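Trainee: Okay, structure incoming, though there's no sequence with it:
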């Protein structure tokens, strides 16, 4: 059986609540907002894995997590994303890349590639830490006059400690993706 798998950082309820407030600030924007409970930061998207690959992935992520201590993550801006894409496709909460976050992401990528020989998506190599707040309905956006499209470039300062990374499964459903944590791997070092 195939599982659509990714590695992510999940956030405490209070951070998710603050991020979700963007929905009311940009209610004129034609988009589909990410459900509050689904807000996360993707470290790696692995795609479809079989049962054995999922077990091996959980083991590897656990081992990598044990090499790191908890670290701070700061979210500093809400913008359109990906950066420089026009028309914009999403609304993002951007994170400040830190040495710890980049090292963790690279270690996960190298370890997983080495063990499961999975061709990792090119998107994974251009890591820009962000949380997808909404996906823009491009056709509806094109119907709007330029001056009707809200400008999104909001500064913010949300800080949180990261204590674990999760192996997640995404099941695509009509009402939107449903995420399940397959394994939560604490940062222990």
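Mentor: Looks like it arrived, so ask away. Keep in mind the model is a prediction, meaning the values are calculated, not measured. Numbers count the residues shown, from 1 in each chain.
Trainee: pLDDT of the host helix or strand of residue 58, averaged?
Mentor: Following DSSP states H and E, one finds residue 58 within helix 51-65. Averaging pLDDT along helix 51-65 yields 96.
Trainee: and residue 4, helix, strand or coil?
Mentor: Look at residue 4: counting by DSSP: H, G, I helix; E, B strand; the rest coil, its state is strand.
Trainee: The lengthiest helix in the chain - what's its average pLDDT?
Mentor: Longest helix in the chain by number of residues (criterion: DSSP state H): helix 99-116. Here helix 99-116 scores 89 as its mean pLDDT.
Trainee: May I see the buried residues of stretch 145-155?
Mentor: Neighbour-count burial for stretch 145-155, counted by 16 or more other C-beta atoms under 10 Å, picks out 149, 152. For the C-beta atoms, the positions are set from N, CA and C on the backbone; glycine is no exception.
Trainee: What's the end-to-end length of it?
Mentor: 25 Å (C-alpha to C-alpha, to the nearest Å).
Trainee: ditto for stretch 18-34
Mentor: 13 Å.
Trainee: Make residue 1 into 825 and carry on from there
Mentor: With 825 as the first residue, the last one maps to stretch 842-858.
Trainee: tell me which helix or strand of this protein sits lowest on mean pLDDT?
Mentor: None of the helices or strands of the chain scores lower by mean pLDDT, DSSP states H and E than helix 946-949, at a mean of 48.
Trainee: Strands along the protein, start to end?
Mentor: Along the chain, counting by DSSP state E, strands occupy 827-834, 855-857, 864-873, 895-905, 914-919, 954-960, 977-986, 988-995, 1002-1010.
Trainee: between those, which gets nearest to residue 883?
Mentor: In terms of C-beta to C-beta, the element of the strands of the chain nearest to residue 883 is strand 1002-1010, at 8.9 Å.
Trainee: Which strands border the closest one, and is each parallel or antiparallel?
Mentor: Under the criterion DSSP bridges, strand 1002-1010 sits next to strand 988-995 (antiparallel) in its sheet.
Trainee: for the longest helix of the chain, packing partners?
Mentor: Counting contacts by 3 or more C-beta pairs under 8 Å, 6 or more residues apart in numbering; DSSP states H and E, helix 923-940 packs against strand 864-873, helix 875-889, strand 895-905.
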